[in-house]
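J.: Sequence below, structure please.
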Amino acid sequence: MLKVDFHVHTNYSFDATIKVHQLAERARQFGIIPAITDHYSMKAIPAMEKQGTDFIPGEELRVTTPLGKADLIGLFLNEEIEKNIDFEEALDRIKEQGAISYAPHPFDSMRAGLQDESILKKVQIIEVFNAHCLSRFDRQAEAFAKKEGRLSGAGSDAHFIFEFGQTYVELELDELEPSKLLKALKNGKIVGKRTSKARRVMHRIGSKLLKPFI
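T.: Alright, predicted model coming up:
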């Protein structure tokens with residue numbers, strides 16, 4: 001049994017403060033495999049490889065769609081994909097790397113979630129629990145995933161170390177490999193705890209003030 005948090009940021013994201021060694025230590029402590037999905041960057045990956053901790057290399061992309069810019073995650077990526085490319089091109093680039101496409105916080109209009117259902121149908125995994133989302137957006141994502149028979153994922157969307165360790169998917173999985181993970185997700189069990197809005201806002205303001213010194 002493995003536990004995977006599909007959406008985690010490090011201080012290589014402009015709005016996060018989690019240092020790679022902190023994430024590795026907490027991942028070992030909680031027995032959770034993080035997918036490192038920094039905004040427009042895979043610079044944390046070499047540092048995480050040195051920690052000797054299982055993880056999924058990824059990136060949270062900003063893509064363009066007919067409804068405007070939105071976020072899309074690539075999991076098991078080998079190299080960065082540049083910012084602001086077309087959604088279809090991003091999907092192609094993800095597939096070319098043998099990676100997995102993942103829709104973070106879909107339907108969340110306040111956080112650049114993918115809105116267009118015809119586009120979401122092309123994404124392999126739909127995030128149905130995001131610890132930063134309002135519950136109504138998660139319910140909408142879950143209803144869509146069930147209606148369309150899409151695989152469901154969950155992520156803490158952690159930007160601060162206290163957020164990591166409470167949201168994950170339990171999987172019957174013996175190897176961290178894309179095709180096996182997709183198969184295991186069909187019977188995955190989501191465990192999630194929503195981050196307190198007050199704490200999230202407080203830490204976010206603090207991170208912006210302290211980021212130059214962290």
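J.: and the residue lying closest to residue 9 once chain neighbours are set aside, helix, strand or coil?
T.: Sequence neighbours aside, residue 16 is the residue nearest to residue 9 in space, at 3.9 Å (criterion: Cβ to Cβ, 6 or more residues apart in numbering). From N, CA and C alone the C-beta is placed, and that goes for glycine too. Judged by DSSP: H, G, I helix; E, B strand; the rest coil, the three-state class of residue 16 is coil.
J.: For this protein, give me the ranges with low pLDDT.
T.: By pLDDT under 70, the low-scoring segments of the chain are 198-214.
J.: for it, longest strand please?
T.: In the chain, taking DSSP state E as the definition, the longest strand is strand 56-65.
J.: got the residue ranges for the strands in this structure?
T.: Counting by DSSP E, the chain has strands at residues 2-8, 33-36, 56-65, 68-75, 85-86, 100-103, 125-130, 151-155, 168-171, 189-191.
J.: just the helices in the protein please.
T.: Here the chain has its helices, by DSSP state H, at 20-30, 44-49, 87-96, 117-120, 135-148, 178-185, 197-210.
J.: Output these in a markdown table; the columns should cover distance to residue 171 and mean neighbour count.
T.: Listed next are those as a markdown table, based on distance: least, Cβ to Cβ, whole Å; neighbours: other Cβ atoms under 10 Å:
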| stretch | distance to residue 171 | mean neighbour count |
| --- | --- | --- |
| helix 20-30 | 15 | 17 |
| helix 44-49 | 20 | 18 |
| helix 87-96 | 21 | 17 |
| helix 117-120 | 22 | 15 |
| helix 135-148 | 16 | 16 |
| helix 178-185 | 4 | 16 |
| helix 197-210 | 27 | 13 |
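J.: For these, give me JSON lines that also has distance to residue 57.
T.: Shown next, in JSON lines, are the helices of the chain (distance: least, Cβ to Cβ, whole Å):
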{"stretch": "helix 20-30", "distance to residue 57": "12"}
{"stretch": "helix 44-49", "distance to residue 57": "5"}
{"stretch": "helix 87-96", "distance to residue 57": "12"}
{"stretch": "helix 117-120", "distance to residue 57": "23"}
{"stretch": "helix 135-148", "distance to residue 57": "24"}
{"stretch": "helix 178-185", "distance to residue 57": "11"}
{"stretch": "helix 197-210", "distance to residue 57": "23"}
